[in-house]
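Here is the input, now give the coordinates:
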Amino acid sequence: MACIRGERPVFTGVSFRLEPGGALALVGPNGSGKSSLLRILAGLLKRAGGTLAWEGESLDEDWPAHRGRLHYVGHLDAVKPTLSAAENLDGWARFRGAARAAPGALEALGIEGLADVPGRYLSAGQRRRLALARILATPAPLWLLDEPTVTLDAEAAHLVATMIAAHRTDGGIVVVATHGEIALDGAHRLDLGGHAITADALLADQEPTPEDEEQW
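Numbering: from 1, shown residues only. Have a look, this model is predicted:
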């Protein structure tokens with residue numbers, strides 16, 4: 001798989017496969033394409049080459065179904081300032097088709113005491129915890145997390161690691177862009193710094209090969 005942002009080649013030759021309970025840590029220097037790869041996997045960015053599949057079926061056949069099976073948490077926390085923490089979480093759950101957020105989501109991130117506090121009064125770390133609580137508000141087998149522990153203290157980072165471990169134990173899959181600040185036991189590691197793209201490589205990558213498949 002390859003990626004181009006604007007007219008700038010980013011990476012090529014990326015290939016991986018993840019089974020239920022698996023995890024992939026995306027590492028590499030700034031600008032190597034960690035966030036871009038997550039956005040490609042979420043269907044938010046078009047790839048420049050290669051294929052993507054879920055359980056052997058190409059994602060190009062039904063992207064809406066794929067988006068329904070994943071949670072994506074990017075750099076922005078997407079917390080509405082006028083809504084309370086609980087209202088933010090319930091609103092996200094309704095967007096996903098649920099009547100309200102699953103119980104225990106705020107507790108899992110240690111912010112149950114902030115349920116009635118408007119988003120505008122939350123600190124950066126509290127907003128990040130709330131953003132991460134969204135992935136517990138409704139179930140989804142695939143979590144795509146872009147530096148999830150940024151702005152978090154050590155206690156909160158531990159809660160996130162525990163949450164990810166429990167998700168994997170239940171058969172969930174996690175792809176995380178990280179600088180190594182979060183524990184991911186037994187995770188595969190993909191260093192995008194080693195996949196810098198060249199013009200010749202991009203042309204070669206336009207035709208998918210049997211090895212150029214990503215399945216999780």
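
And the strands in the chain?
Using DSSP state E, the strands of the chain run over residues 3-5, 8-11, 23-27, 51-54, 57-58, 70-73, 142-146, 173-177, 188-191, 213-215.

of all those, which lies closest to Val117?
strand 70-73 (20.3 Å; C-beta to C-beta). C-beta coordinates here come from the backbone N, C-alpha and C atoms, glycine included.

Taking the centroid of the protein, which residue is nearest it?
Leu144 (1.4 Å; C-alpha atoms, centre = their mean).

Okay, Leu159 and Ala124: tell me how far apart.
For Leu159, the distance to Ala124 equals 16 Å [C-beta to C-beta, to the nearest Å].

And for Thr162, the neighbour number?
Thr162 has 12 neighbours, counted by other C-beta atoms under 10 Å.

Off-centre distance for the helix ranked longest in the chain?
Ranked by number of residues, the top helix in the chain under DSSP state H is helix 154-169. On the basis of C-alpha atoms, centre = their mean, to the nearest Å, helix 154-169 is displaced by 14 Å from the centre of the chain it belongs to.

contacts for that helix?
The set of residues external to helix 154-169 that reach it, using C-beta atoms under 8 Å, 6 or more residues apart in numbering, is 21-23, 108-110, 125, 128-129, 132, 135-136, 143, 145, 148-149, 152, 174, 176, 181-185.

buried stuff in it?
Neighbour counts over helix 154-169 (16 or more other C-beta atoms under 10 Å) mark 156-157, 159-161, 163-164, 167-168 as buried.

Next, the angle from that helix to strand 23-27.
Angle, helix 154-169 to strand 23-27, by axes from the mean of the first three to the mean of the last three C-alpha atoms, to 10 degrees: 130 degrees.
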